[in-house]
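Colleague: Would you be able to build a 3D model of this:
(2 chains)
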Amino acid sequence: MPIAYNKRTHLCGQLRAAQTGEQIILAGWVNTSRDHGGMTFVDVRDHTGITQLRFNPEVAPEAHKAARTLHNEDVIAVTGKVAHRGEWVNPKIPTGEIEIEVAEIDIINRCEPLPFQVNDPGDTSEDMRLRYRFLDFRRPEIQRIFRMRHAIAKAVRDYMDDNNFVEVETPFLTKSTPEGARDYLVPSRVRPGTFYALPQSPQIFKQLCMIGGFDRYAQIVRCFRDEDLRADRQPEFTQVDLEMAFVESGDVMAAVEGCVGKMFKAALDIDIDTPFPCITYEEAMDRFGCDAPDTRFGLELTDVTDIMKETDFKVFREAIENGGLVRCIVASGGEKLTRKVTDGLTEEIRGIGGTGLPLVKVSEDNGSLKFSTGVAKFLHPVCDRLCSAVGAKAGDTIFLMPGSRDEVGKYLHYVRTRLARILDLIPDDQWNLLWVLDFPLVVWDEEEKRWFSTHHPFTAPRDEDIPLMDTDPGKVRSKAYDLVLNGTEMAGGSIRIHNKDVQNKVFSLLGISEEEAHAKFEFLLDALRFGAPPHGGIAFGLDRWVMLMSKSASLRDVIAFPKTQRAVCPLTNAPTEVSQPQLDDLFLKLNLPPAK
RNA sequence: GGGGCCGUAGCUCAAUUGGAUAGAGUACCGGACUGUCGAUCCGGUGGUUGCGGGUUCGAAUCCCGUCGGCCUCGCCA
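Modeller: Below is the predicted model of the structure:
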């Protein structure tokens, strides 16, 4: 019996007791059915919820007969009357006070046996879910994530519009840029042998927009990087990209704070405190060993180089004599730090390149503190000094790390975050936002023996540090700022160079020759010559924000059609081979490695 | 490119650690049932244990290779 599904009167999650007695039309998918031979119940579902349909053979024999043939995920429409459930109210669902006394049913489209159960909240493998993502989308939890994503994106657009940002679209078929990640390339048909690159970010285009007088630009835009994947890294991802003219760092940060506030309100109805706290790169590295610290818990690093100088422990002495240092973390809750756990940590440190994890346990003996286990025998002479310097008390464990500044930071940061999880110190439902400022402009790469941009080659140095570019480049601080949420870098930006001489100076520091700079950035250098205003901006990874806000475990959860770890789309199976004529059009010849 | 975990029915998992005909839930098919809401009850179909080799009297189980998924180091300004 055809039913005008386009005239449905309600969605499946809407009806309440107040509508009792009304004639309605519903349409949706069969979530479950319960056939008693006589009375048959079917739950019909759409994105708003489920409603129970009652098929009574004495009221509507034909509809009842049809209902008994239904399977999960059949598409149906029904007409009927809203009935109060009386003594059979189901408090578990919002529509549980009512049910539909069905008069007619239209079985619009039958569903074949499913590869997995849509209505099963249990764990289907991610593999399966992504292969049949359209079925996965029908689940309420997945709907929740993508509707949250929509709300966040809308909040961003509304905020940008309210604050006079102009959305300008930038090209996807663009030019390969030096440094940064590997590019995705697209061959040109009309200029044989040449390639476009998909943008890693619209960086230069948004700068050109500023130079062109847009004043404020914002775009929610796809970016592409051909690097190995991780749980929080996809080859194509979405950035909220913005740029502002005539600003200093604080202005961009304030704009971001306003935007992030709207995002939290829209996604979680949370009011975020502004301004966000700030910390310098230097301080972050000293206190946390990491430029994106998680401030939801303590376990901060303490420098104990001076004390360790006086021990006989060779490992520490040598590190210090070689210009290194010793820092430590003090953890309470020793009962959870069993030998097995600390041995495991030591193994993990070795796994990321370390040589070990010296530690001591603190205990009390006749009123005074003592060290035991681990490297205790080397540290007895400095026990009192060390304990008072780091505030250790009986029951604590002290994790020490000798080495260069970078090594100590890397390993203790690892230890710190692992301990936080082991000791259950990370509060749920806390959103610690933090600006990290004053990054070094460039870092020395020992392998390639040259300077690399910490941020990117267009980041402005702090004015007072410009002279250092000639004498001590590593000391030059940049006008860059990173936004960190709960220990994850969520946004990064900077004030850009608007002066061609400074830009050329940076290029030469990075070892980009004049010819190369000219070939690759002529348009930017040109623009800087023709009246470029001071400008700066930021970009944040929208996917990551949605991932954290929705408490998802993986970026794949918040991207509609994500790629697997080998960058394959499980739905379309892309990338796939193409035909010889397609290759011929592009003047491409394959040069494949020999088959194994 | 390196390290780790995993791969058994359409799906989610088990198989007493090398032993007999590889089981269960769910889905699917058939039957019973008038108030269920993860309906219930009875019966049934369904297997190249990812693939290829090897060890063994005997392999889902051990070894080697390979493919695929996930985590991770490198990489990702």
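Colleague: Pull up the residues of the stretch 51-200 of chain A that are close to RNA strand B.
Modeller: Contact residues (Cβ under 7 Å from any atom of the strand) of the stretch 51-200 of chain A with RNA strand B: A:52, A:54, A:56-58, A:71-72, A:85, A:88-90, A:92-93, A:96, A:99, A:113-117, A:120, A:122-128, A:179-182, A:200. C-beta coordinates here come from the backbone N, C-alpha and C atoms, glycine included.
Colleague: Show me what the worst-scoring helix or strand of chain A on mean pLDDT is packed against.
Modeller: For chain A, counting by mean pLDDT, DSSP states H and E, helix A:339-351 ranks last in confidence among helices and strands (a mean of 82). With contacts taken as 3 or more Cβ pairs under 8 Å, 6 or more residues apart in numbering; DSSP states H and E, helix A:339-351 sits against helix A:405-422.
Colleague: My guess is residue A:22 contacts residue A:81. True?
Modeller: Yes. Residue A:22 lies in contact with residue A:81 (Cβ atoms under 8 Å); the separation is 7.0 Å.
Colleague: Counting neighbours around each, name which of those two comes out higher.
Modeller: residue A:81 (16 against 13; other Cβ atoms under 10 Å).
Colleague: what sits against the more buried one?
Modeller: When contacts are counted by Cβ atoms under 8 Å, 6 or more residues apart in numbering, residue A:81 touches A:21-24, A:100-101, A:103.
Colleague: Low-confidence bits of chain A, can you list those?
Modeller: Low-confidence segments of chain A, defined by pLDDT under 70: A:178, A:595-596.
Colleague: Domain boundaries for it, per the record?
Modeller: A:5-109, A:142-280+A:431-559, A:297-422 (automatic domain parsing).
Colleague: Can you tell me the SS state at the most centrally placed residue in chain A?
Modeller: Nearest to the mean C-alpha position of chain A, by Cα atoms, centre = their mean, lies residue A:544 at 2.1 Å. What DSSP: H, G, I helix; E, B strand; the rest coil gives for residue A:544 is helix.
Colleague: Just to check, it is in contact with residue A:490?
Modeller: Yes. In this structure, residue A:544 is within contact of residue A:490 by Cβ under 8 Å, at 6.0 Å.
Colleague: what are the ranges of the strands in the stretch 401-550 of chain A?
Modeller: A:433-437, A:442-445, A:450-453, A:480-485, A:488-495, A:535-541 (DSSP state E, counting those that start in this stretch).
Colleague: Minimum distance to RNA strand B: which of the ones you listed has it?
Modeller: Among these, the nearest to RNA strand B by Cβ to the nearest atom of the strand is strand A:450-453 (5.1 Å).
Colleague: Which strands or helices does the closest one pack on?
Modeller: Checked by 3+ Cβ pairs under 8 Å, 6+ apart, strand A:450-453 has strand A:442-445 packed alongside it.
Colleague: tell me which strands and helices the strand it packs on is in contact with?
Modeller: strand A:450-453.
Colleague: Please state the backbone phi and psi of residue A:220?
Modeller: The phi/psi pair for residue A:220 (degrees, to the nearest 10) reads phi -100, psi 110.
Colleague: what does the one 10 residues further on give?
Modeller: Torsion angles at residue A:230 (phi, psi; degrees, to the nearest 10) stand at phi -140, psi 180.
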